[in-house]
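Asker: generate coordinates for the sequence data below:
(one chain, ligands or ions: 1)
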Amino acid sequence: MLRKRRKTKTLILGDSLSSNVYVTQDLKDLSDSIILSWVGAPSSLDGWDFTNTCIDRLPLFLEKTECLEYLGLEALEVNYNYVLIGEEESLKTKVSLLGEDTYYTWYDLFSRKYNRVYKPLLSWCQVIKILRSKSRIPRLYANIRSIDPSEKIVLLEGGATIEYENIVSSVPQDLLLSKLRGVNLEDIPTNYAYLPYSISLIISKIDQKIRDDEVIIYALGRKRYIASHAILLKAGVNSKNNYVLIYMLTPLKQGASKTEVLIKNLSELKNLGIRVQDIMLIRSYVEKYGKIFRLKKDPYDKLLKELSIKVIGRYGSWEELSICNIINTVLSSRMKHD
Ligand SMILES: Cc1cc2nc3c(=O)[nH]c(=O)nc-3n(C[C@H](O)[C@H](O)[C@H](O)COP(=O)(O)OP(=O)(O)OC[C@H]3O[C@@H](n4cnc5c(N)ncnc54)[C@H](O)[C@@H]3O)c2cc1C
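Answerer: Below you'll find the model as predicted:
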């Protein structure tokens, strides 16, 4: 069988926020590079195309604005209304992973830790599109079968190979390690914990008015709610009408089915006194790594360094890094190079 062979200096895994910031900052050095991404595994910033715009799959907020300013983007301060319904303890049971002593999710963290919260003027899916268009580097969408770190060759499904000098990886660290050949790594699952979320998005009208700079977060600390958070924002679609984006996040601890979760979420909105009318869109998906948690501290850092594999981003580092943490880390590593 004829095998396609490619060579590259730096192979960047994942068409992610972190890879694109890394590439945009290091373009001079990375002219001989490729971004290789798994088919059908998007960035958390990717959205859904809908009525000439794109809708974020997740609502994401920032703790400061400088990180966006570095990228030449503007931010808006958000009026962050956080309402806990029920008990903190019950919320903790829904979202905490074994061995984790704090229970915070992103949405609880903002209300406790920061005085101010921001979001970009554009949607996140527009932001990632802009970053990708700036980082003009070849992209390849294919699944990796294996990585041979001693020969520095990646074998793709279908038989093609890529020879590399260095790897920069933003894909889940457990997945990256599981692809390495010739390295003894039997205990991967015992080091990486994660909690999948079912995330439903409803675009509809409701009785309440929500301003452009406002977000309402309901943290659902009562057993009667299976979701952990309901998040309401003004929708940027059809500006004449008061449509809202309603995100419902449900931690999948008991493996409930997607349809069941969506139906239950609609009745939970009713219990919250939110009358959903004139539904324009309903979508839901499972975010496999809704929450991630390291069971041991940096078990493979030394090994990855020895194998010339640099890890970046939330999944690559397997740490709950914020968007600002990611941008700042990539920028400061660039400054060290200069
Ligand atoms: C529910 C939730 C809420 C969040 N809220 C906030 C917030 O409010 N503020 C904030 O700053 N951050 C928030 N974050 C974190 C934020 O999403 C990340 O910090 C940022 O998007 C990560 O960027 P990244 O470059 O690491 O990864 P991403 O841009 O998400 O890219 C991940 C890469 O990994 C690859 N990948 C993922 N899964 C697989 C798989 N199974 N197989 C193969 N490849 C895979 C994808 O192809 C992609 O290239 C939140 C995260 C979650 C899950």
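
Asker: from here on, just use CA atoms for contacts and neighbour counts.
Answerer: Will do.

Asker: which bits of the stretch 151-300 of the chain sit near the ligand?
Answerer: Proximity of the stretch 151-300 of the chain to the ligand is confined to 170, 171, 172, 290, 291 under the rule C-alpha under 6 Å from any ligand atom.

Asker: ok, the closest residue to residue 307 other than its chain neighbours - contacts?
Answerer: The shortest distance from residue 307 to any non-neighbouring residue, by C-alpha to C-alpha, 6 or more residues apart in numbering, is to residue 149 (6.2 Å). By C-alpha atoms under 8 Å, 6 or more residues apart in numbering, the residues touching residue 149 are 180, 181, 182, 307.

Asker: give me that answer again for 10 Å
Answerer: 164-167, 179-183, 304, 306-309 (C-alpha atoms under 10 Å, 6 or more residues apart in numbering).

Asker: hang on, residue 331 in a strand?
Answerer: No. Checked against DSSP: H, G, I helix; E, B strand; the rest coil, residue 331 lies outside a strand; its state is helix.

Asker: skipping adjacent residues, who's closest to it in space?
Answerer: Closest to residue 331 by C-alpha to C-alpha, 6+ apart is residue 25, at 7.1 Å.

Asker: so that neighbour lies in a strand, does it not?
Answerer: No. Going by three-state DSSP, the assignment for residue 25 is helix, not a strand.

Asker: out of the residues of the stretch 151-300 of the chain next to the ligand, which comes closest to residue 143?
Answerer: residue 171 (11.8 Å; C-alpha to C-alpha).

Asker: state the number of residues packed around residue 112.
Answerer: Applying other C-alpha atoms under 10 Å, we find 10 residues neighbouring residue 112.

Asker: can you check the pLDDT for residue 323?
Answerer: At residue 323, the pLDDT value in this model is 96.

Asker: in this structure, which residue is closest to the centre?
Answerer: Closest to where the C-alpha atoms of the chain average out (C-alpha atoms, centre = their mean) is residue 44, at 3.0 Å.

Asker: mind checking how far it is from residue 245?
Answerer: 17 Å (C-alpha to C-alpha, to the nearest Å).

Asker: likewise for residue 106?
Answerer: 18 Å.

Asker: against residue 218, how distant is the closest residue to residue 277 other than its chain neighbours?
Answerer: Using C-alpha to C-alpha, 6+ apart and skipping residues adjacent in sequence, the residue nearest residue 277 is residue 205, 5.2 Å away. When distance is defined by C-alpha to C-alpha, residue 205 is 18 Å away from residue 218.

Asker: with residue 83 instead?
Answerer: Relative to residue 218, and taking C-alpha to C-alpha, residue 83 is found at 5 Å.

Asker: which of those two has more neighbours?
Answerer: Set residue 83 next to residue 218 and count neighbours by other C-alpha under 10 Å: residue 218 wins out with 21 against 15.

Asker: got the contact list for stretch 80-90?
Answerer: Outside stretch 80-90, the residues touching it (C-alpha under 10 Å, 6+ apart) are 61, 91, 103, 107-108, 110-112, 115-118, 213-225, 228-232, 272.

Asker: can you check stretch 46-55 too?
Answerer: Contacts for stretch 46-55 (C-alpha under 10 Å, 6+ apart): 16-17, 45, 56-58, 123-129, 201, 203, 235-238, 245, 281, 283.

Asker: is any part of that stretch close to the ligand?
Answerer: No. Applying C-alpha under 6 Å from any ligand atom, one finds stretch 46-55 separated from the ligand by no less than 7.8 Å.

Asker: between the two ends of that stretch, what distance do you get?
Answerer: Span of stretch 46-55 from end to end, C-alpha to C-alpha: 9 Å.

Asker: same question, stretch 102-121
Answerer: First-to-last distance for stretch 102-121 - C-alpha to C-alpha - comes to 31 Å.

Asker: buried residues, that stretch. List them.
Answerer: 103, 104, 105, 107, 108, 110, 111, 117, 118, 119, 120 (16 or more other C-alpha atoms under 10 Å).
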